[in-house]
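Asks: Need a 3D model of the sequence below.
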Amino acid sequence: MLQQAETIINQWPLHAVDGGYEMVPFKVYTQRDLDKIEPLQKMSEAMRFEMKVVSSVLPFRVNQYVIDELIDWNNIPADPMFQLTFPQRGMLSAEHYDTIAKLIADGADKATLSAAVNEVRQALNPHPADQMEMNMPMDDEGNRLDGIQHKYRETVLFFPSQGQTCHAYCTFCFRWAQFVGDKELRIAASEASTLHDYLKAHTEVTDLLFTGGDPMVMKTKHLAAYLEPLLEPEFDHIQTIRIGTKALTFWPHRFLGADDAGELIDLLTRMVQAGKHVAVMGHYNHWKEMDTDAARAAIRAIRSTGAQIRAQGPLIAHINDDPDVWAKMWKMQVKLGIIPYYMFVERDTGARGYFEVPLDRAWEIYREAMQQVSGLARTARGPSMSASPGKVEVQGVTEIKGEKVFVLRFIQGRNPDWIQRPFFAKYNPDATWLHHLEPAFGEEKFFFDDEYEAIRDERIDAAQA
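Replies: Numbers count the residues shown, from 1 in each chain. This next block holds a predicted model:
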């Protein structure tokens, strides 16, 4: 089977060179390498200094594939892939930027700069939606199970420690706290037994999501150590294995010419043939991410295993806040055999002030994009807020009895009884997140508020005990 997988991979060109093809080496740049990125040397010193300041607070990592294949260097700074991967001054508030910039310009010592940077990071809501307090389960002794989140009944999220980085970082990333070096902000687990023991004890769980970071940065042998035991009969209740990844965009060669790419394709094939539904949750933000030979070859490689690829990503200013971009992206995904899955609202963390789009405009973009595609692309749900109570979808703006309102519903909820129940909020043209909304029609609370607060109090009390 492994030989067959390697044959499939080798059918596709990796990089054109003098009429032939060769593997593209992986070369990565972080903040300390900004001066080594050749295209940046054509930019002004002031712009490069701004990047240094912002990347002192928010994580920065990019690789040569992104630089060479995805960014249009003749369209800087407007190019969406440049905005996606390179820090911009507006990603920090003026106050935060000025504080860090002055320290760097004045040559502040490392301890002074680190203290100021950490203070800024704490102000950026590093773990939104009560992730640390409400989503992480406890063992029988009341100890928090690091690296596991169990927010919804059927789905468990797992953060393998070997996968807590990415081939490149998105500037909008809502999990940016995983990458800034502060262990107290990181969610990760190194023991496969922690995951397997938890799943054995929770047979209500049907879906397991490997997330991060990016699990596809892991060596295949490490991924297999987590996945292969799930083929035993005691894990029959685990029907679906999801793997969240940006590798299809940032390093498609992971599935093509990497040292263990053949083993990875073979592993996915075996999981599918053993009866598991394997879904690669591709994070896509723009159609340009699928518009290279390597990206399309990687898509074909994954689909050859029997695994599905589902596409999700947030609606973000400066990158894809345009219905034509989403329509083109969804059409391209359907053509390539990818299932459009979610349009998310940018989370209330990190550089949200730079990227967030008002809910009203988000719904308009979603609606106008949907009008341009066929039914096969209308599988994408949204715009959806992954808020603490659950995934709340903005279904529209309308007027009821003379009051302009948002029409909302839960796609997923901490209590399954909330799902698919419509509710209404006062229209607020400036609202970008659930907590900006108030109940419509003179109501004091949304229908779920009391129960949610009770759940929250119980979880936080347990976490603090």
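
Asks: Scan the chain for its longest helix.
Replies: helix 449-464 (DSSP state H).

Asks: mind listing what the closest residue to residue 104 other than its chain neighbours touches?
Replies: Nearest non-adjacent residue to residue 104, counting by C-beta to C-beta, 6 or more residues apart in numbering: residue 53, 6.0 Å away. (Each C-beta comes from the backbone N, C-alpha and C, glycine too.) Applying C-beta atoms under 8 Å, 6 or more residues apart in numbering to residue 53 gives the contacts 89, 92, 97, 100-101, 104.

Asks: Among these, which one lies nearest to residue 368?
Replies: residue 89 (30.3 Å; C-beta to C-beta).

Asks: So that closest one sits against residue 100, correct?
Replies: No. Using C-beta atoms under 8 Å, residue 89 makes no contact with residue 100, being 11.0 Å away.

Asks: For the two, indicate the residue with more neighbours.
Replies: More neighbours surround residue 100 than the other of residue 89 and residue 100, with 21 against 17 (other C-beta atoms under 10 Å).

Asks: got a pLDDT number for the more buried one?
Replies: If you check residue 100, the pLDDT there is 96.

Asks: for the one 4 residues further on, same thing?
Replies: According to the prediction, residue 104 has pLDDT 95.

Asks: Kindly provide the distance from it to residue 278.
Replies: 45 Å (C-beta to C-beta, to the nearest Å).

Asks: of those two, who's got more company?
Replies: For residue 104 versus residue 278, neighbours defined as other C-beta under 10 Å are more numerous around residue 278 (22 against 14).

Asks: just for the protein, where's the confidence low?
Replies: Along the chain, segments meeting pLDDT under 70 span 1-24, 127-133, 176, 181-190, 462-465.

Asks: how distant is the longest helix of the chain from the center of its chain?
Replies: The chain centre lies 26 Å from the centre of helix 449-464; the measure is C-alpha atoms, centre = their mean, to the nearest Å.

Asks: can you check stretch 398-408 too?
Replies: With C-alpha atoms, centre = their mean, you get 32 Å for stretch 398-408.

Asks: Just the residues contacting that stretch, thanks.
Replies: 359-360, 392-397, 422-428, 431, 437, 440-441.

Asks: what's the closest of the contacts of residue 53 to residue 451?
Replies: Nearest to residue 451, judged by C-beta to C-beta, of these is residue 92 at 37.2 Å.

Asks: Okay, that closest one and residue 268: tell me how far apart.
Replies: Taking C-beta to C-beta, one finds residue 92 at 40 Å from residue 268.

Asks: and residue 420, how many neighbours does it have?
Replies: The local packing of residue 420 (other C-beta under 10 Å) involves 11 other residues.

Asks: try residue 94
Replies: 9.

Asks: One more: residue 374?
Replies: When neighbours are counted by other C-beta under 10 Å, residue 374 registers 9.

Asks: you'd agree it is up against residue 334?
Replies: Yes. Residue 374 is within contact range of residue 334, at 7.4 Å (criterion: C-beta under 8 Å).

Asks: And the contacts of stretch 398-408, which of them are buried?
Replies: When neighbours are counted using 16 or more other C-beta atoms under 10 Å, those contain these buried positions: 359-360, 392-394, 397, 423-428, 431, 437, 440.

Asks: Among those, name the ones in strands.
Replies: Filtering those for membership in strands, criterion DSSP state E, returns 392-394, 397, 423-426.

Asks: Just flag the most distant two among those.
Replies: The span of those, defined through C-beta to C-beta, is set by 393 and 426 at 17.5 Å.

Asks: Now do the contacts for residue 73.
Replies: Contacts for residue 73 (C-beta under 8 Å, 6+ apart) come out as 39, 42, 79, 82.

Asks: Quick one: which of these is the most crowded by neighbours?
Replies: Counting neighbours by other C-beta under 10 Å, residue 82 comes out on top of the contacts of residue 73 with 23 neighbours.

Asks: and that residue, that's in a helix?
Replies: Yes. The assignment for residue 82 is a helix, going by DSSP: H, G, I helix; E, B strand; the rest coil.

Asks: Next up, the contacts around residue 213.
Replies: Applying C-beta under 8 Å, 6+ apart, we find residue 213 in contact with 159, 163-166, 175, 178-179, 188.

Asks: Try it again at 7 Å.
Replies: Contact partners of residue 213, counting by C-beta atoms under 7 Å, 6 or more residues apart in numbering, are 159, 163-166, 178.

Asks: Compute the number of surrounding residues for the nearest residue to it once chain neighbours are set aside.
Replies: In space, residue 213 comes closest to residue 164 once its chain neighbours are excluded; the distance is 3.9 Å by C-beta to C-beta, 6+ apart. Residues contacting residue 164 under the criterion other C-beta under 10 Å number 22.

Asks: mind checking how far residue 164 is from residue 215?
Replies: 9 Å.

Asks: now swap in residue 38 and tell me
Replies: To residue 215, residue 38 is 31 Å away according to C-beta to C-beta.

Asks: These two: which has the busier surroundings?
Replies: Regarding residue 38 and residue 215, a neighbour count based on other C-beta under 10 Å identifies residue 215 as having more, with 24 against 9.

Asks: so who does the more buried one touch?
Replies: 160, 163, 223, 243-245.

Asks: 6 Å instead, please
Replies: Residue 215 sits next to 163, 243 when contact means C-beta atoms under 6 Å, 6 or more residues apart in numbering.

Asks: measure it to residue 456 for me?
Replies: From residue 215 over to residue 456 the distance is 29 Å, taken as C-beta to C-beta.

Asks: cool, residue 278 as well?
Replies: 34 Å.

Asks: likewise residue 272?
Replies: 39 Å.

Asks: got it, and residue 107?
Replies: For residue 107 relative to residue 456 (C-beta to C-beta), the value is 45 Å.
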